[in-house]
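Q: Return atomic coordinates for the entry below.
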Amino acid sequence: MLDFWTLILAALAIAGPAAATVHIVFAKRNPSTAVAWVGLVWLAPLLGIVTYLMFGITRMQRRARALIGEEGMDESARDLEPVSLRELAEELGPKGAHLTAIARLANRVAGRPLLGGNRVELLENGDEAFPAMLEAIDGARHSIALCTYIFDHDKAGIQFRDALRRAVERGVEVRVLIDALGARYSRPSMVAELRRAGVPVARFHPVVLQWRMPYFNLRNHRKILVVDGCMAFTGGMNIRVGHLLGAGPPKPIRDLHARIEGPVVAELRDVFAEDWLATTKELLAGEAWFPPLAPKGEIVARGISDGPDGDFEKLQTILLGALATAERRVRIVTPYFIPDERIVDALGVAALRGVEVEVHLPARSNLTLVQWASQAYWLQVLEKGVKIHATGQPFDHAKIMTVDGAWGLIGSANWDPRSLQLNFEFNVELYGAALVHELDAMIDERQREATPVTKKMMRERPAVERLRDGLVRLLSPLL
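A: Residues are numbered from 1 along each chain as shown. This is a model prediction of the structure:
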């Protein structure tokens, strides 16, 4: 007669993989990905199930919007008038009118209106962005909402901690949301430091394991600061001293942020409020957080929130639409480039149509595995006519895209599966030749300093390197 515990273990050995298989079948859209996970959980049940729990769960159900209800948080945003496609076409003129196709797509996908009357100031590196953000925090009278992936305990982080503490002491309502994984990039954690300073702070999606692991799923990668509900900052910059290039940090990081005023700020403050509610169950409300917004400039813009919840793959759909709409030139700056088949095809089709497609990447990534996986795709896109430019130091963490000199995209998302499918991201699409000209000028500066990557260079690399990159490429969904 079999031992009782033997029966229990045998039952668990079957029930565990079976339960994981059911979840995989319902959750995974890609058949090859589903087959790979099912094979792993049955062939190596313990390792497979643990690995799937750590890396395979790629969707999160959040109750924030259900808790908000149909009335929503921001009554002032109901009076904002969206820009029509006809008005946008007139604004863009004959050379840019075709870009209304991107706006039409985003109208149906993004879930947020296209709004005019915005002022957008581009801020390069922490040398420009951090002083502007700290000045806004010190000038706050009613509310401060700050969301960041990394908030390091260093010179830059301490400046922000002290500014937030002073705001609390002035009676300003302050809320700070830090990703639980990003909070562990330095010690001691700035979460504890902010709490000691009396600043209300929460960690987004706490992780069980205690070490820093950059490949965990479902992270809040957004960078949003909203002051008094009417001035916002967003882009790719974390709060860390590496962005202060003028200070000569040991690991300098180039990046881009933007200061935004005008109606589109409503979309940034809504995203923060949803994230805060999902994390803490506290509903932000009232004019301190949601004051009326007046036109401040001429830029037409829209916030695009993306994440492994109800916003799943919204940004990727818009990126594919932008590539399909381009007629003359597409320019992309991204620190991490691991495109899936859809993006590879879209880049290649655009280039084969005669569009000049440029991708600007760091010559050396700060994440070695990501670098190797990325290189496995370079020859594939080069053969389709896409141009790749490899930039040197400092490491370029900026995320920029421009199309035909009149449409731009900035924000937190990279061109990899982690950003486009696994993380919570926030980007802003921008329409207008003058602002996009500024973005193109920044790309021109990078291009002057970069080294063109050629098909010959990639083909002549040692076979062992090409094999290594190809093998690591198999891990692309995890990177």
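
Q: so how far is the first residue of stretch 224-243 from its last?
A: Across stretch 224-243, the terminal residues are separated by 16 Å (Cα to Cα, to the nearest Å).

Q: Use 20 as the first number from now on
A: That works, and once the first residue is 20, the last one we named lands at stretch 243-262.

Q: Now do it: distance to the chain's middle.
A: 13 Å (Cα atoms, centre = their mean, to the nearest Å).

Q: got it, and stretch 366-386?
A: When C-alpha coordinates are averaged (Cα atoms, centre = their mean), stretch 366-386 and its chain have centres 19 Å apart.

Q: do stretch 124-140 as well
A: Per Cα atoms, centre = their mean, the centroid offset for stretch 124-140 relative to its chain is 17 Å.

Q: Need the nearest residue in space to I169, chain neighbours excluded.
A: Setting aside the residues directly before and after it, I169 is nearest to N257 in space (Cβ to Cβ, 6 or more residues apart in numbering), at 3.7 Å. C-beta: built from backbone N, CA, C; applies to glycine.

Q: May I see the domains of this protein written out as residue ranges?
A: 23-75, 83-106+135-317, 333-497 (automatic domain parsing).

Q: Quick one, which of those domains gets closest to T119.
A: Evaluated with Cβ to Cβ, those place domain 83-106+135-317 nearest to T119, the distance being 4.8 Å.

Q: which residues in the stretch 370-498 of the chain form helices?
A: 387-401, 436, 452-468, 474-478, 482-492 (DSSP state H, counting those that start in this stretch).

Q: hmm, back to that, quick one: neighbours of the residue nearest to I169, just the number.
A: For N257, the neighbour count with other Cβ atoms under 10 Å is 23.

Q: Equivalent analysis for L334, please.
A: With other Cβ under 10 Å as criterion, L334 counts 26.

Q: Any buried residues in stretch 114-122, and which?
A: The neighbour-count check on stretch 114-122 (16 or more other Cβ atoms under 10 Å) flags 115-119, 121-122 as buried.

Q: Mind checking which of those are in helices?
A: Among these, the residues falling in helices (DSSP state H) are 119, 121-122.

Q: Now render those residues as a markdown table, adding distance to R321.
A: Formatted as a markdown table, these follow (distance: Cβ to Cβ, whole Å):
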| residue | distance to R321 |
| --- | --- |
| T119 | 13 |
| I121 | 10 |
| A122 | 8 |
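
Q: Nearest to A202 among the residues you listed?
A: I121 (35.5 Å).

Q: Please name the residues that touch that closest one.
A: Residues counted as contacts of I121 (Cβ atoms under 8 Å, 6 or more residues apart in numbering) are 337, 340-341, 344, 422, 426, 448.

Q: Buried members of these into PyMOL, please.
A: Filtering the contacts of I121 down to the buried ones (16+ other Cβ under 10 Å) takes a single PyMOL command:
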select buried, resi 337+340+341+344+422+426+448
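
Q: ok, of the contacts of I121, which one's closest to A164?
A: Using Cβ to Cβ, these come closest to A164 at E448, 21.4 Å.

Q: What's opposite the closest one in the beta bridge?
A: R321, L428 (DSSP bridges).

Q: from what I can see it touches D325, true?
A: No. Applying Cβ atoms under 8 Å, one finds E448 not in contact with D325, separated by 11.9 Å.

Q: now for the helix or strand hosting S324, which elements pack on it?
A: Element membership for S324 (DSSP states H and E) is strand 318-325. Under the contact criterion of 3 or more Cβ pairs under 8 Å, 6 or more residues apart in numbering; DSSP states H and E, strand 318-325 touches helix 119-128, strand 134-143, helix 284-299, helix 333-344, strand 444-450.

Q: Pick the most deeply packed of the ones you listed.
A: strand 444-450 (a mean of 25; mean count of other Cβ atoms under 10 Å).

Q: now that strand: how far from the chain's centre is it?
A: Centre-to-centre, strand 444-450 and its host chain are 10 Å apart (Cα atoms, centre = their mean).

Q: And stretch 464-484, by the same measure?
A: 27 Å.

Q: Go through that stretch and flag the buried ones.
A: Those would be 465-466, 469, 472, 477, for stretch 464-484 by 16+ other Cβ under 10 Å.

Q: contacting residues around whichever strand or helix holds A211?
A: Per DSSP H and E: A211 is located in helix 209-215. Contacts made with helix 209-215 from outside it, assessed by Cβ under 8 Å, 6+ apart, are listed as 170-172, 176, 180, 183, 195, 197, 202, 220, 222.

Q: Derive a ChimeraX selection command for the buried subset of the residues you listed.
A: Typed into ChimeraX, the line below selects the buried ones among the contacts of helix 209-215, using 16+ other Cβ under 10 Å:
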select :170,171,172,176,180,183,195,197,202,220,222
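
Q: Out of the contacts of helix 209-215, which is nearest to A34?
A: R222 (32.6 Å).

Q: Contact partners for that closest one?
A: Going by Cβ under 8 Å, 6+ apart, R222 touches 196-199, 202, 210, 298.

Q: And the residue nearest the centre of the chain, how far from T387?
A: Taking Cα atoms, centre = their mean, the centroid of the chain lies closest to A432, which sits 2.7 Å from it. Noted for A432: a distance of 22 Å to T387, by Cβ to Cβ, to the nearest Å.

Q: After the lowest-mean-pLDDT helix or strand in the chain, which helix or strand is next?
A: Sorting the helices and strands of the chain by mean pLDDT, DSSP states H and E puts helix 83-87 at the bottom, at a mean of 49. Per DSSP H and E, helix 83-87 leads on to helix 104-111 as the next helix or strand towards the C-terminus.

Q: on contacts alone, who are the packing partners of that next one?
A: Using 3+ Cβ pairs under 8 Å, 6+ apart, helix 104-111 sits against helix 119-128, strand 444-450.
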